[in-house]
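**Q** need a 3D model of the sequence below.
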Amino acid sequence: SWRLLSPQQQDALKRLSVFRGGFRREAAARVAQVSIPVLAALLDKSLLRRLPSGRYERHALLHQFAAEKLAENPGEQQRCEMQHARYYLALAEEAERELRTAAQARWLARLAEESSNLRAALGRTLEGKLEGSLDLSLRLASALGLYWYIGAAFEEGRAWFARVLAQPRLPRTQLHARALHGAGRLERSAGDFARAQARLGEALERFEDLDDAAGVADCLNELGILAAVQADYDAALERFERGCAAADELDDDARRVILGGNLGLAHAITGNLGEAERRGEQCLALSRAADNAHGVVHALTNLALIAVQGHEHERALRFYRESFDAARQLDNAHLMAEALLGRGVVRLLDGEDVEARVFIGKSLELYLAQHDQLGVLDGLLETANLAAACRQTQLAARLWGATEAARARLDFPLRPFARKRYEAALEQLRAETPA
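**A** Coordinates of the predicted model:
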């Protein structure tokens, strides 16, 4: 019972109640000032349970009781919650940096493990009771933005950003601009292009006012992608060009890779294959020199797309195989799905319907698991093209109709190369179908 515990053990359980969903030993020491001997004593009394991963958990009823005891001392409760928020902010900001490296998979798992604590910390900052709550909420949401984006947790991220950005008296600072950028990226990924344009446009204005070249480059990249997915390629090219200029001003190779790759892809879409290939090879060289695994995958995928449009199918398959292997090493499902779908398209163009079906089907499974609407639409389009090639007329017609309706609803038009292939397949099917 509670009375049989020493005062030190009682205080430890009260302070540990600030955690949600368990905690690590280091977190117990940093947030709740609970030592290893005290943790061991609580384990011996079965008041804590240690998991094989090394994390600690306690029974829900004990947690609730200890939390009520902590709430009896509001000052102590606020101090513990502040320590908790600062600890998980530091973790999120470290993770944001590491998610851009080859250690991405490990850090995705780390944040997933701490998801309940991260939600609790962000929720407490939004209650406005902690010192510096406004800045804490902006920093924490912005740091988690990349995690939500890579993990395809678009709806959760959008909901948190909506609450953070709805707070009154938001300062016109870099923190606010970063939150607007993170929110805009998730809105774009979720297909809400109007809201994405508003968020990203406002973020760009703030970064320009602050002479923040890095922020300007990041916003121009997102705005370029937004224009491209809506088939406004002139705007996309202009935004990517400006973003590349900002990256050059910063002498930032990581941003050169991202923006240069997207600029090259926009050139490929508009038929300028020579410039597209030049940009792609440049990005691949920069990425390999910097050991930038994600940059390598993106560059290989872009070079594969360029090769397909240039009718160099063997070269495209080689690039797609390399990009898939590299994406698998990163454990990045979205990038693996892109490479698989690309291989499916090439095999379909080569008339290898069985292989095409395997690759397209695997890519769709990955896109569906990530709730990636645009990826699913691309996969369904290729499934329709495959059905047409196999003379499955009714299935092809149903899938084409469904994807066209969804694209119209989401304002997500086909790229010219995909549109050309779709129209050719449709025309051939009509020609071969008896009147």
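
**Q** drop to CA atoms for contacts and neighbour counts, all remaining ones
**A** Noted.

**Q** send me the helix or strand encompassing G274 as CSV with only the CA atoms.
**A** Applying DSSP states H and E as the criterion places G274 in helix 273-289. Once non-C-alpha atoms are left out, helix 273-289 reads as follows in CSV (Å, rounded to 0.1, in the frame of the first residue of the first chain):
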residue,chain,number,x,y,z
LEU,A,273,15.1,15.7,-70.9
GLY,A,274,18.6,17.0,-71.4
GLU,A,275,18.4,19.5,-68.5
ALA,A,276,16.5,17.0,-66.4
GLU,A,277,19.3,14.4,-66.8
ARG,A,278,21.9,17.0,-66.1
ARG,A,279,20.2,18.0,-62.8
GLY,A,280,19.6,14.4,-61.9
GLU,A,281,23.2,13.3,-62.4
GLN,A,282,24.4,16.4,-60.4
CYS,A,283,22.0,15.5,-57.5
LEU,A,284,23.2,11.9,-57.5
ALA,A,285,26.8,12.9,-57.4
LEU,A,286,26.2,15.4,-54.5
SER,A,287,24.2,12.9,-52.6
ARG,A,288,26.8,10.2,-52.9
ALA,A,289,29.6,12.5,-52.0
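
**Q** report the buried residues of that helix.
**A** When neighbours are counted by 16 or more other C-alpha atoms under 10 Å, the buried residues of helix 273-289 are found to be L273, A276, E277, R279, G280, E281, Q282, C283, L284, A285, L286, S287.

**Q** now that helix: mean pLDDT?
**A** In this model, helix 273-289 has a mean pLDDT of 94.

**Q** who does it touch, helix- and strand-wise?
**A** Using 3 or more C-alpha pairs under 8 Å, 6 or more residues apart in numbering; DSSP states H and E, the elements in contact with helix 273-289 are helix 253-269, helix 293-309.

**Q** quick one: contacts of the last one?
**A** Counting by C-alpha atoms under 8 Å, 6 or more residues apart in numbering, helix 293-309 makes contact with 100-102, 254, 257-258, 261, 264-265, 268, 273, 276-277, 280-281, 283-284, 287-288, 313, 315-320, 322-324, 326-327, 330, 335, 338-339, 342, 346, 417, all of which sit outside it.

**Q** same question for the first one.
**A** Where contact means C-alpha under 8 Å, 6+ apart, the residues beyond helix 253-269 that reach it are 217-218, 221, 225, 228, 233, 236-237, 240-241, 243-244, 247-248, 273, 275-280, 283-284, 286-287, 292, 295, 298-299, 302, 305-306, 309, 415-417.

**Q** show me what the longest helix seen in the chain is packed up against.
**A** With DSSP state H applied, the helix covering the greatest number of residues in the chain is identified as helix 74-98. The criterion is 3+ C-alpha pairs under 8 Å, 6+ apart, and the helices and strands that helix 74-98 contacts are helix 25-32, helix 60-71, helix 104-113, helix 115-127, helix 133-150.

**Q** in JSON lines, list the buried residues of helix 273-289 along with distance to L118.
**A** As requested, the buried residues of helix 273-289 are arranged in JSON lines below (distance: C-alpha to C-alpha, whole Å):
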{"residue": "L273", "distance to L118": "45"}
{"residue": "A276", "distance to L118": "41"}
{"residue": "E277", "distance to L118": "42"}
{"residue": "R279", "distance to L118": "39"}
{"residue": "G280", "distance to L118": "38"}
{"residue": "E281", "distance to L118": "40"}
{"residue": "Q282", "distance to L118": "39"}
{"residue": "C283", "distance to L118": "35"}
{"residue": "L284", "distance to L118": "35"}
{"residue": "A285", "distance to L118": "37"}
{"residue": "L286", "distance to L118": "35"}
{"residue": "S287", "distance to L118": "32"}
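
**Q** closest to A424 among these?
**A** Distances from A424 to the buried residues of helix 273-289, taken as C-alpha to C-alpha, are shortest for L273 (21.4 Å).

**Q** now do the same contact list for the closest one.
**A** With contacts taken as C-alpha under 8 Å, 6+ apart, L273 has the following neighbours: H267, I306, G310.

**Q** buried subset of those as a ChimeraX selection?
**A** Selection of buried members from the contacts of L273 for ChimeraX, criterion 16+ other C-alpha under 10 Å:
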select :267,306
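
**Q** closest to L170 among the contacts of L273?
**A** With C-alpha to C-alpha as the yardstick, the closest approach to L170 among those comes from H267, at 38.9 Å.
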